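Peer 1: Provided below for reference: sequence and predicted model.
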Number of protein chains: 2
Amino acid sequence: MFTASNELLDALRQQLGPDQILTDADSLTHYGRDWTRFAEPAPSAIVLPKTIEQVQHIVAVARRFEAPLVPSGGRTGLSGGAVAAAGELVVAMDRMNTLSDVNLTERTLCCGPGVITEQIQQRAGDAGLHYPVDFASSGSSQIGGNIATNAGGIQVIRYGMTREWIAGLKVVTGTGELLDLNRGLVKNNTGLDLRHLMIGSEGILGLIVEATVRLCTPPRNPQVIVLGLPDMESIMQVLAAFQSEIDLLAYEFFSELALQKVVQQQGLQRPFNEVTPYYALLEFEHLGEDTEAQILMIVERCMESGWVADAVMSQSVAQARALWRLREDISETLSHWTPYKNDISTTVAKVPGFLAAVEEIVDRHYPDLEVVWYGHIGDGNLHLNILKPESVPMDEFQARCKTVSAEIFTEIAAQGGSISAEHGVGLLKRDFLRYSRSEAEIGLMRSIKAAFDPDNIMNPGKVFPAQPSAE
Amino acid sequence: MFTASNELLDALRQQLGPDQILTDADSLTHYGRDWTRFAEPAPSAIVLPKTIEQVQHIVAVARRFEAPLVPSGGRTGLSGGAVAAAGELVVAMDRMNTLSDVNLTERTLCCGPGVITEQIQQRAGDAGLHYPVDFASSGSSQIGGNIATNAGGIQVIRYGMTREWIAGLKVVTGTGELLDLNRGLVKNNTGLDLRHLMIGSEGILGLIVEATVRLCTPPRNPQVIVLGLPDMESIMQVLAAFQSEIDLLAYEFFSELALQKVVQQQGLQRPFNEVTPYYALLEFEHLGEDTEAQILMIVERCMESGWVADAVMSQSVAQARALWRLREDISETLSHWTPYKNDISTTVAKVPGFLAAVEEIVDRHYPDLEVVWYGHIGDGNLHLNILKPESVPMDEFQARCKTVSAEIFTEIAAQGGSISAEHGVGLLKRDFLRYSRSEAEIGLMRSIKAAFDPDNIMNPGKVFPAQPSAE
C-alpha cells in the first residue's frame, strides 16, 4: 500500500493547480474504481492533467517518489484495469479532451485521451463519415481507455477492433519520454511498430496523451434480421450461408433464456412466436431491392435446410433499433442477477463444441445455476453469464463460480482460445493469463514493460503480478 | 565477418540432411542477396529447414557458435533486409511451404513462411475468397517475407497492409522459444500483442515459421478510370471528390515523364491524347448502372472545377488490365536507367507540398537529373526515382544521389513523414532511421530486440547498427 506524502503532493503542485489534485473521500471513491465491484477503491490522490507537459511532470514526480500511477478514462472497464486499490495516484484524463475537426483528406480526427467515444462518433457523423467502433458504454467510455484496452463491440466482424482505427498515438512512457508514434501515416515501415504495442497494453507501458483516429464511409441503410435457430451448429451454417454472399455488419447471438430475461425486464416484444434455443441477429447494408431479394433467398435456403425456424426483418430504422435492443439490452438486464461474467473467445468454427463443453462443466458442478449465453458469434466471442439464484448467498455463489472458472479456462486453453476476448486482463484475470499466453510470452511482456517503465510505476500489478515470483 | 566452422556445420548436420545445408559458391550468391545490388553477398552457408523443430535446432546451434542468422524468403526486398554480406547463415524458408485448404468458417488459411504470395491469392480465389495484399513481386515473394516487412502494395487504401491480414503467427525467437501468437482469434485482449510486434520486424526478433492468413470477399467487378490532371493540388481535390461518395480500391498516380517512359519501353498506348503533368488511376467496384452514372457525374464535376483535363474508363476486364499496366509497369521500365529509388510517405494532405519541396531540392543540386514520380497517392506513399543519365558514371551518380538524400530525409522529418513507407529499413536505410523515429523509440526497439534475441544472432545490423555507439 502506497501513501502519497505531503512532499509528493507539493511536488505535483509545482505544475498543477488546486483543482487538478483531488484527495476528498468522494473523489477517491469515484475515480478509484471501474464497472467492476470486487475491490474497494483506495487511491492516495486524483490528478487531472490538462496538457502533455503536465502528464510528463506527474510521471517525473511519480518516479522520484516511486509512486504507482493508475490511468483513468471513463472507467467503464470490466476487468479492473482502472481500479486503484493500493494508494496509487489516479491520472484521470477528463480534462485532456480537445477534439479536432475532421480532416476530410486524411479521413482522421485528432483528440485527447479524455474525449468520450460517442463524441467522436458524432463529430465523424457530422462530417459525413463514421467511427465504427461501438458498444453499450460508448456514451461514457473515453477514447484513451478504448485504445488502452483495444475495445471491440458489436461491429467487429466488419470493422475490427479499436486497433484498426488508430493512425497515430502520443504516449508518455514510464520514464517520462514523449513518444509520437506513427503520426497519422498510412504506410510507415520503419522498424518495430510501438503503436500497436501500446494498443491494448492496459496502461502498463505508459499513458496515452493524444490519438489520431481514422474514420470511414458510413454503412448505407443498415437493416437487421433476427432468426430463430434450433442449435449451435445451425448458427455456424447460417453464418457461412450469409458470408458466402454478403459482407455482414454484425452477426450476434443470444440464447432463449437471454431473450426471456430481456423481454421480461425491458418490456420488449418477442421477435416472433416461435420459441427456439438460440437466436441470431444479423445486420447488413440494404442496398436496394436486390439486397432484399438476396437476403430472403438465403433465409429460405436456410429454412429448407432446417437451420432456421423463424425470421423477422426490419422494415425501417426504428424497427432495426427495436430488434437491436433484444441483443444490446441483455447486459444491463442481467446485472439484476449480479451474474458471474466471462468474456471468452475461440476461433469461430470451435464455438459450438466449446459452448457444449462449458455447459457440461457448469451442469456437472452446479445443475441449479442458470447459464445465459450471448455474444458476437461472428468473432468467436461468447459472453458467458452465470446468474446468482436469489436463495444463494453472494459468498457461496462467488465460491462456486471460482470452482468452475479454472475448469472453463482449462477448456479454453485446450481449444487455443482467449480468456479475455475484449475486456482485457486488468486485475480480474491476471492470475489466469497463463491459460492464454505461454510462460515465454509473459516473460517477453515483462521485459518490454521493464524497458518502457523501469521503475514499475505504470499501472503496476495489472495484466500480470508486479513480481514474477508471485505467479 | 563471421565464418562457419566445420564444428558448426557438423552440429547443424545432427538434424539437417546434406541437401539442407548448401555451401557452394552459386548458392551463396543466390541466397545471399535480395533485389538490391549494393552489397556483395557473402554468407557462410545456406540452411533450408523443413520443420519448426529444425528451425529451433538451427537457432540453438547459432546461439552456441554465436553465428548470425539472416532469414530469407523470396528475396524481392528493396532495402537489403535479406542481404547476407558478413559470413552469416542464411535460413531460407523455401521448403517450409505447406499451404492448407481454406477454412470457410474462419475465412483463413494456414501456411508455412515459404509459400509464394501468389499461391495464397490463388488458393483463396479457388474458394471464392480473396487475399487482398498485392504488388508487382507477388509471383516470387514469400508470405514470411511479406509479414516480416509488412508488405503494402496497390490496394492499401481499401485493404490495408499485410499487418491487417495476419490472424496468427508462429515464431521462433532468438532464444529458440516457439511462440504461438494469437492462434487465429478475432478477439484476444490478453496483454501485449506480440504478433503485431513481429509484423514488420524484418527478422531482428525471430523467425516466422507459420502464419494464419485472413481472407475476405473478393471485390465485385473492379473497373479502372485514368484521369489527366493539371497539378498535384487537383490530385487531392479529385481524391476527396471520389472518397466522399464511393470506397475506392486504389488511387494511384504517376507523372507525365513516368507515362512517357512506360509507353515507350513497354509499347503501350497512351490513355488519351491530352498531355497533362500528372495522371491518376482509380479502381472501384462497378456495381451496376448506378455506379457508372455516379462515376461519370463525379468526373464531370471535377472537369468543371478544372481538376481533370481528360479521362478514360475501362469497359471490360481486359481494358482495366491494360490501364493498370500504365502504372504497374513503371518500376520495371525504370530499372533500365538504374534509378536511385526512394519509397517515402507523408500524410495524404501534405503530399503536394512535400513533392514540390523535394523537386526543388533535386533541381537546385542537379538540374540535369530526371526525376520520375509515381506511387500510391491514396496512402500518401510516393516512389521517387532519380534516373541516371547515360553520360554520368555510376559512381558519380551515386555520390550525387547521396548528397540529396540527407536533404530529402530532413524534409521528410520536418513533415513528420516516413523514410520507408513500405520497403522497410534493412541495411539501406538503417543509418537514416533517426529521421523517422526518435532516439527514445530506437532505444526501446533495441531493448525489445535484446529481450527477444539476447545473443544478437537474429539478422544483426539490420534496421539499426548492431552497436548503439556506431550510430
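Peer 2: On my side now, so go ahead.

Peer 1: CA atoms for contacts and neighbours, from now on please.
Peer 2: Fine.

Peer 1: measure residue A:466 to chain B for me?
Peer 2: 14 Å (C-alpha to the nearest C-alpha, to the nearest Å).

Peer 1: What residues does the closest residue to that residue other than its chain neighbours make contact with?
Peer 2: The shortest distance from residue A:466 to any non-neighbouring residue, by C-alpha to C-alpha, 6 or more residues apart in numbering or on different chains, is to residue A:460 (5.8 Å). By C-alpha atoms under 8 Å, 6 or more residues apart in numbering or on different chains, the contact set of residue A:460 is A:68-69, A:204, A:466.

Peer 1: who wins for most neighbours among these?
Peer 2: residue A:204 (34 neighbours; other C-alpha atoms under 10 Å in any protein chain shown).

Peer 1: quick one on the thing from earlier: can I assume the residue nearest to residue A:466 sits in a strand?
Peer 2: No: assessed by DSSP: H, G, I helix; E, B strand; the rest coil, residue A:460 does not belong to a strand; its assignment is coil.

Peer 1: residues touching residue A:21, list them.
Peer 2: Counted by C-alpha under 8 Å, 6+ apart, residue A:21 has contacts A:13, A:45-48.

Peer 1: The same query, at a cut-off of 7 Å, please.
Peer 2: Counting by C-alpha atoms under 7 Å, 6 or more residues apart in numbering or on different chains, residue A:21 touches A:45-48.

Peer 1: Got the confidence number for it?
Peer 2: We have a pLDDT of 98 for residue A:21.

Peer 1: try residue A:200
Peer 2: Residue A:200 is given a pLDDT of 98.

Peer 1: where along the stretch 151-300 of chain A do the strands fall?
Peer 2: Ranges of strands in the stretch 151-300 of chain A, per DSSP state E, counting those that start in this stretch, are A:166-173, A:178-181, A:206-214, A:222-229, A:250-255, A:278-285.

Peer 1: Nearest to residue B:221, out of these?
Peer 2: Closest to residue B:221 of the strands of the stretch 151-300 of chain A is strand A:278-285 (C-alpha to C-alpha; 18.5 Å).

Peer 1: what's the angle between that closest one and strand A:222-229?
Peer 2: 160 degrees (axes from the mean of the first three to the mean of the last three C-alpha atoms, to 10 degrees).

Peer 1: For strand A:278-285, report the contacting residues that lie outside it.
Peer 2: Against strand A:278-285 from outside (C-alpha under 7 Å, 6+ apart): A:219-231, A:248-256.

Peer 1: And whichever strand or helix holds residue A:355, what's buried?
Peer 2: Using DSSP states H and E, residue A:355 maps to helix A:351-365. Buried residues in helix A:351-365, counted by 16 or more other C-alpha atoms under 10 Å in any protein chain shown: A:351-352, A:354-355, A:358, A:361-362.

Peer 1: before we move on, what about stretch A:269-277?
Peer 2: A:271, A:275-276.

Peer 1: Please dump those into JSON lines; it should also carry distance to chain B for every row.
Peer 2: Below are the buried residues of stretch A:269-277 laid out as JSON lines (distance: C-alpha to the nearest C-alpha, whole Å):
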{"residue": "A:271", "distance to chain B": "27"}
{"residue": "A:275", "distance to chain B": "26"}
{"residue": "A:276", "distance to chain B": "23"}
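
Peer 1: quick check, nearest of the buried residues of helix A:351-365 to residue B:300?
Peer 2: residue A:351 (51.0 Å).

Peer 1: OK, contacts around the closest residue to that closest one other than its chain neighbours?
Peer 2: Computed as C-alpha to C-alpha, 6+ apart, the closest residue to residue A:351 that is not its neighbour in sequence is residue A:380, at 6.2 Å. Going by C-alpha under 7 Å, 6+ apart, residue A:380 touches A:345-348, A:351, B:186.

Peer 1: Nice, that's everything, thank you.
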